[in-house]
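S.K.: Model the following, please.
(3 chains)
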Amino acid sequence: MTRSFIAKNPSVLWFLLALSVFSIAVTLLSEATGTGLISTSFVKTLGKTLCLCLIAIAMDVVWGYCGILSLGHFAFFGLGGYAIGMWLMYARTELIVVESLANAALPPTDKEVVDAIASQIFGVVGASEFPLIWSFAHSLTLQLAMVVLVPGLLALVFGWLAFRSRVTGVYLSILTQAMTLALSLYLFQNDSGLRGNNGLSGLQNIPGLDAVPQSVISIAFFWASAVALGVGYVLFAWVVSGKMGSVIRAIRDNESRVRFLGYHVESYKLFVFTLTAIVAAIAGALYYPQAGIINPAEIAPIASIYLAVWVAIGGRGRLYGAVIGAAFVSLLSSWFTGGSAPAVNLGFYTINWTDWWLVLLGVSFVAVTLFFPKGIGGLFDLIVLKPVADRQGDYGPDKGAWRKEEGEP
Amino acid sequence: MTKKTKFAALAAAAIVASAGTASAQDCPIKVGVLHSLSGSMAISETTLKDVMLMLVEQQNAKGGLLGCQLEAVVVDPASDWPLFAEKARELLTVNEVDVIFGNWTSVSRKSVLPVIEELNGLLFYPVQYEGEESSRNVFYTGAAPNQQAIPATDYFLEELGVEKFALLGTDYVYPRTTNNILESYLISKGIAKEDIFVNYTPFGHSDWATIVADVVALGADGKQVGVISTINGDANIGFYKELAAAGVSAEDIPVVAFSVGEEELSGLDTSELVGHLAAWNYFMSADTPANAEFITAWKAFAGEDRVTNDPMEAHYIGFNMWVNAVTAAETTDVDTVRSAMYGQEFPNLTGGTAVMLPNHHLAKPVLIGEIRADGQFDIITQTPEVEGDAWTDYLPESAVLTSDWKELGCGMYNTETKTCVQLTSNY
Amino acid sequence: MIFRLVCVAFAICLGLSAARAQAPATPLQDVLQQNADAVANPSRGTVDSLIAALLESDLDGVPVFLERWRDRAVYQRVSDGLFFFGTATDGGFDLTDVDTGADAGRATSTEVSELRPNAGVRRVIGGALVAFQLLDNDPARRVAALDAIARSPSDDQLGPLRRSIEDEPDPALKDRKIRLERLLAARYAESEAERITAIESLRGDLGVDARAVLNLILTSSPAVFATMPTDRNIAAVLTPGSDDLSEEAAYDQLVSADLAPPLTGVEPIKAALIAAIDGGQVAGIPVASLTTDDARESAYEALAAAGAVPPLVTLEDQAASLATHSFVLLYAEPNKAITDAARETLDAIGMQVARNQAADLALDGLSLASIYFLAAIGLAITFGVMGVINMAHGEFIMMGAYTGYVVQLFIPDYTLSLIVALPLAFAVTFGAGVAMERLVIRWLYHRPLETLLATFGISIALQQLAKNIFGTQARPLTSPAWLSGNLTFNEVVSISMIRVAIFVLALMFLGLLIYILKRTRLGLEVRAVTQNPGMAASMGINPDRINMLTFGLGSGIAGIAGVAIGLYAKVTSEMGSEYIVQSFMTVVVGGVGNVWGTLAGATLIGFLQKGIEFFNPSNTLAAQTFMILFIILFIQFRPKGIVALKGRAAGD
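M.R.: All right, here's what the predicted structure looks like:
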């Protein structure tokens, strides 16, 4: 351990620098704190993109470094959003209810207040009582703990069960996908107590901050997301460097050998799986107050597959690759679907990007897997020549192992 | 002169000309269209976008509004609910539109509500919905439950003598709330709770055999069974196919649907479904000169094989009322236009006159139609205009609430305590 | 304006009366005109008096008119309000006179309006026609009459029905008449013995209508007595607090029968306190302190003590009142012998129905399993045997379904189009599968995770492509008539033909695949290549070709499955994605590498889902959620699936 963490990971410094420059630039150009060149809605988009970058690096650690292709990390993202959303809805409604009950002839009992909040929140879905899972919704502290605890516990239990019985590779992917599907189907039900298909809405209105304009709130959340991304990046860079990082990567390339060497593979995998799930949940908790609404469609299996797509396009196995992939694809996607991309007139047919964007994305994804396994991040290798171990043949027999092409400088 | 400079010159001329005539009004007047053009809702909503473009074009051909041309600003929220909020903010702050026509589904509306209310925008929502909401900034031109569900249930009770009800719905908010309202309405009409069978299925459900068998078995106690369907979209196809296969005729077990219109029926062979019912405020088969004219204009604009449906009529009425209100107010300022909207009248396509009420709902007639073999509907009954009710009278929590933005200035007014519960809407 | 209207009305009256004077007698038209509004805008409320008037007139044309009216062949002329029979012929209507049947000229759709009696009115008309139709020469009319009796039975039908049985020539109709007679007799026959015989003859009848009759005889209503009556036909004695009768419901009965005062709940207390607020105080207690239910209750008691409000009625009072009353269900039918017979018969039928319902549920489960199997069987080859994760499998199903739709556009005959569509769908998806294998998948063998993502890319591209070509709206794919009915075993157990066809198709594919894999050279080579491509190649097998063919076969079968699934459900661009996760789970649960495993997986999932649905019938979504949870747990404990391969074949 002679060289410091930073010296071994110069990309961390570069990344933090770029992130700060970007954040300051956005702040200076925003409506609330700068020239107003960037509209509030775009600040929100950028803030949300930072959250997506955060979950993308989590995904990169679990897939690109540890070789577990999890198709369920958006479930944790969504759970984080739901956890914070419950408090936001409860607290906002409580203010309204207390104010309106203050005018009543008799001062309200506590039960009346809670009942009124419940019928406000659940009136939309035809119920009027709080289900059990809302027990902590009145407290921000408890609910913030839920942001971490609920997804963390789910990941821990699920991962323990799955890794213990040595479910690996594609099976694990399908299993994680089944988990998201089950969760989103469960949340789709009205009986789940989280307002079914409607989900939780109005999350952009922060309780008690009615007087603060959205332009300021959006910048605040943008900064919170940027800080979270920065901290997350450093955390994960630390996790994947050093001895632990080596073990994690070894598990990716050949799990059995690592096991034979005496490492408890399951614990490492479980640690990575749970940690990334928690980070994903935090990203979700920052994302949904900016998006304004969370509902079960957000955690449908397809969302998690897109997450894998971002990481693959950005280049797996390098944290900045995941960030670039997530930012690039999600912003490009909203540009194309937003109708602002110019239509291409071929004479006999006009390509309308709202119709053809998904085709383009699908095809380009096949192209990336086939021809550019290093993704966009691979472009950096053209600039920085990294010394790479001289390895013979493919990188490992395991399903999630790197390919030879990915390892070449 | 190249095309581009020619265009610039023309634009300049137009600006000069309009600057001469227009008063305080900024030209052009912008109309935001917030309908999904991609994703799962695209098929329904693209049609509404086209209707809006047609209406704007027609209005411009009539000389525009307040001496200005109208300009439609179309964005695509891609059936993604959070994106609805984002695009609404963009329309109001970046494009600075004067009014928005858009949304389909409650969840998209709930997503947009906080933004519209924060920025004091104006939204026209054209689809039937579950009620239990009233926003200062939204005009609901689709049917509230008492303009669709309740009259259809009355028809079941009075005309068909149904004594036992199966409420089948897709598991989301509109069916849930509507069925809740219907359940307490039916109980108030003397139907026992055991005689109401409720079932929820996921979006796109296709395995209907057991549910249809359950519904048939409901007849075992000798009561006339009727099905009230709030099944959404594609799932209807499997449901009706299974009904037809099981030989359930409309004479034995009638089905009335609230989400099945001319568009949905184009996905299946309706010859086995003749006689089943749908309740709407508009059917394409309505026999009036106004409707004939609308259909002709629509087919000329969008294509010969296109059909018209209920939400299109809602936009037609909403847009024309807004135009009249702006003309009366001589400005597009949201609050002034809002006051001018109350009491606006405009002829329905099915006959009679729609009136905008102070609770931001319309008074419209309710139509019940029987499915024909050609995928259209035979209109069986048409009620006089029914006033839309934001808060249903059949749920205890809502019965005490009323909405009156004109006199009370409140959308959620508790008539018992005589207080306004909240000024923003409940989202 | 009004003057003009009056003039017009006057003129019409004149014209009418003038026409009457000259024209031949039109008695039916006259009766109709007297009830013009009821004829033109029929409603269940008005139709009874109209039919009574028509029957009273005793005119020959009445049955024909009622029939035509029911069948929407009666039109009202807008100009004079007269009614005509009409038939729609290209763009107009040929009218005939209701009395004479004479030609009354043509009219356009604006000149006449079609009368549309609703289903309720039609049922009443059908009931009125029964007496005329039971002995009609046309069997269709007799069927209509029997349908009408079945839909709305009444006591006056029993006589005519009995009289018509003797002369019924058609044996099937005769059987039906005899059965209907039993049903009517059970309810309406004169003597007790006759009714009991009829009731007992229903034993073993599984029909919904038979149970309906018995249940109607057994109709009961709740009642409450201070002392138990002896002269009433009591169905059951209920204890408050049991499952049949909650304490609240029982007390509500007492309150509504004025046998007890209503419970003083939270809301009444609140209302009473608000009413008694006096200068910021209630009964001397400051209002601001009334923030708990206990404080409010004691304030109310203080008010009650002062005599300002009725005394508090608590849960103890409720229990006391309940204890002193008897709650019973009373039969509407006073004769105990009849209700006993009906109860006994119904219980016997109930047992039988329950058994049959279990059989029906099993049949549904079997059908669902065969649908899952059909959707997954292609995957059983590509994923199960070859180990290729094909996320675009669902899109192959969709392509097959759209092929069926396109074929139907060109070949209107449904049977023929189906015969063409099945091989064509196979060909199309076989081609697509081979192309995909050649272009993408073969570069990614041994890289299953990358295959997963690449094929997912293909999947979203194909889905969007289908949307661009066919639109997002569902497309019709109609099954031929011989596939659109029901296979009925008895009144309870039945299944739609299309599901039977899917079951047969699934069996056929199972047999075919087993045969190909186990008995043909191709199968041998496939198994060899899957186990050890290098060794297989040394033996002279071309692994490339085998992989290509196997993948094509799996995709082709998915295409045929698509046609079947499209026929039974719907054809949309998203139909494939609904089956993909399910299909993978079917294969994984069953055990990879084995077609029998897929069968076992599909059977398990199908029956399991139906079983869960049975316990929670009002929420299908919950059933799906629990099923997936079960699968997740199942895989944890049996990662290799139900049918696990052993030894070298297991790979790894």
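S.K.: okay, CA-based contacts and neighbour counts for the rest of this
M.R.: Will do.
S.K.: Pull up the gap between the residue lying farthest from the centre of chain C and C:Tyr300, please.
M.R.: In chain C, the greatest distance from the average C-alpha position (Cα atoms, centre = their mean) is reached by C:Gly284, at 62.1 Å. When distances are taken as Cα to Cα, to the nearest Å, C:Gly284 and C:Tyr300 turn out to be 11 Å apart.
S.K.: buried sites along whichever strand or helix holds B:Val112?
M.R.: Taking DSSP states H and E as the definition, B:Val112 sits inside helix B:106-118. Of the residues in helix B:106-118, those scored as buried under the neighbour-count criterion (16 or more other Cα atoms under 10 Å in any protein chain shown) are B:106-117.
S.K.: would you say B:Phe124 is within a helix?
M.R.: No: the assignment for B:Phe124 is strand, going by DSSP: H, G, I helix; E, B strand; the rest coil, so no helix is present there.
S.K.: could you list every residue that touches it?
M.R.: In this structure, B:Phe124 makes contact with B:100-102, B:138-141, B:315, B:318, judged by Cα atoms under 8 Å, 6 or more residues apart in numbering or on different chains.
S.K.: Give me the buried subset of those residues.
M.R.: Listed as buried from the contacts of B:Phe124 are B:100-102, B:138-141, B:315, B:318; burial here means 16+ other Cα under 10 Å.
S.K.: Narrow the residues you listed to those in helices?
M.R.: With DSSP state H as the criterion, helices contain B:315, B:318 from among these.
S.K.: follow-up on the earlier one: chain A next: which of the buried residues of helix B:106-118 are close?
M.R.: B:106-107, B:110-111, B:113-114 (Cα under 8 Å from any Cα of the partner chain).
S.K.: Give me the neighbour count for C:Gly61.
M.R.: Close neighbours of C:Gly61, defined as other Cα atoms under 10 Å in any protein chain shown, add up to 15.
S.K.: and it, what pLDDT?
M.R.: At C:Gly61 the predicted local distance difference test score is 84.
S.K.: What separation do you get for it and C:Ala276?
M.R.: From C:Gly61 over to C:Ala276 (counting by Cα to Cα), the distance is 73 Å.
S.K.: what's around C:Gly540, how many residues?
M.R.: Taking other Cα under 10 Å as the criterion, the count of residues near C:Gly540 is 9.
S.K.: my guess is it is in a strand, correct?
M.R.: No: C:Gly540 sits outside any strand when classified using three-state DSSP, being coil.
S.K.: per-residue confidence for it?
M.R.: On pLDDT, C:Gly540 comes in at 90.
S.K.: Which residues are in contact with the closest residue to C:Gly471 other than its chain neighbours?
M.R.: If you skip the residues right next to it in sequence, C:Gly471 has B:Ile43 as its closest partner in space, 7.3 Å away by Cα to Cα, 6 or more residues apart in numbering or on different chains. For B:Ile43, the contacting residues are B:37, C:471-473, taking Cα under 8 Å, 6+ apart as the criterion.
S.K.: hang on, the earlier thing: among the buried residues of helix B:106-118, which one sits closest to C:Gln464?
M.R.: Using Cα to Cα, the shortest approach to C:Gln464 within the buried residues of helix B:106-118 belongs to B:Ser108, at 22.5 Å.
S.K.: Tell me if I'm right that that closest one and B:Glu86 touch.
M.R.: No: checked against Cα atoms under 8 Å, the pair B:Ser108 and B:Glu86 is beyond contact range at 11.2 Å.
S.K.: Got phi/psi on whichever residue of the stretch 201-350 of chain B sits closest to chain A?
M.R.: Proximity to chain A, evaluated over the stretch 201-350 of chain B using Cα to the nearest Cα, is greatest for B:Pro202 at 8.2 Å. The phi and psi values for B:Pro202, taken as degrees, to the nearest 10, are phi -70, psi 170.
S.K.: before we move on, the earlier item: any chance of the contacts of B:Ile43 in TSV, plus secondary structure?
M.R.: What follows is those, written out as TSV (three-state DSSP):
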residue	secondary structure
B:Leu37	coil
C:Gly471	coil
C:Thr472	coil
C:Gln473	coil
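S.K.: looking at the residues you listed, which has the most residues close by?
M.R.: Looking at these with neighbours defined as other Cα under 10 Å, the largest count falls to B:Leu37 at 26 neighbours.
S.K.: just checking, B:Phe165 is part of a helix?
M.R.: No: per three-state DSSP, B:Phe165 lies outside any helix segment and is strand.
S.K.: Bridge partners for it, pull those for me.
M.R.: B:Phe165 forms beta bridges with B:Ile196, B:Gly226, as assigned by DSSP bridges.
S.K.: mind checking how far C:Arg638 is from chain B?
M.R.: Distance from C:Arg638 to chain B, counting by Cα to the nearest Cα, to the nearest Å: 28 Å.
S.K.: Let's verify the residue most central in space within chain B: helix, strand, or coil?
M.R.: In chain B, the C-alpha nearest the mean C-alpha coordinate belongs to B:Val127, at 1.5 Å (Cα atoms, centre = their mean). The local conformation at B:Val127, judged by three-state DSSP, is coil.
S.K.: cool, A:Leu183 as well?
M.R.: Reduced to three states with three-state DSSP, the structure at A:Leu183 is helix.
S.K.: what about it, distance to chain C?
M.R.: Computed with Cα to the nearest Cα, the distance linking A:Leu183 and chain C is 8 Å.
S.K.: residues contacting that residue?
M.R.: Under the criterion of Cα under 8 Å, 6+ apart, the contact list for A:Leu183 reads A:75, A:299, C:625.
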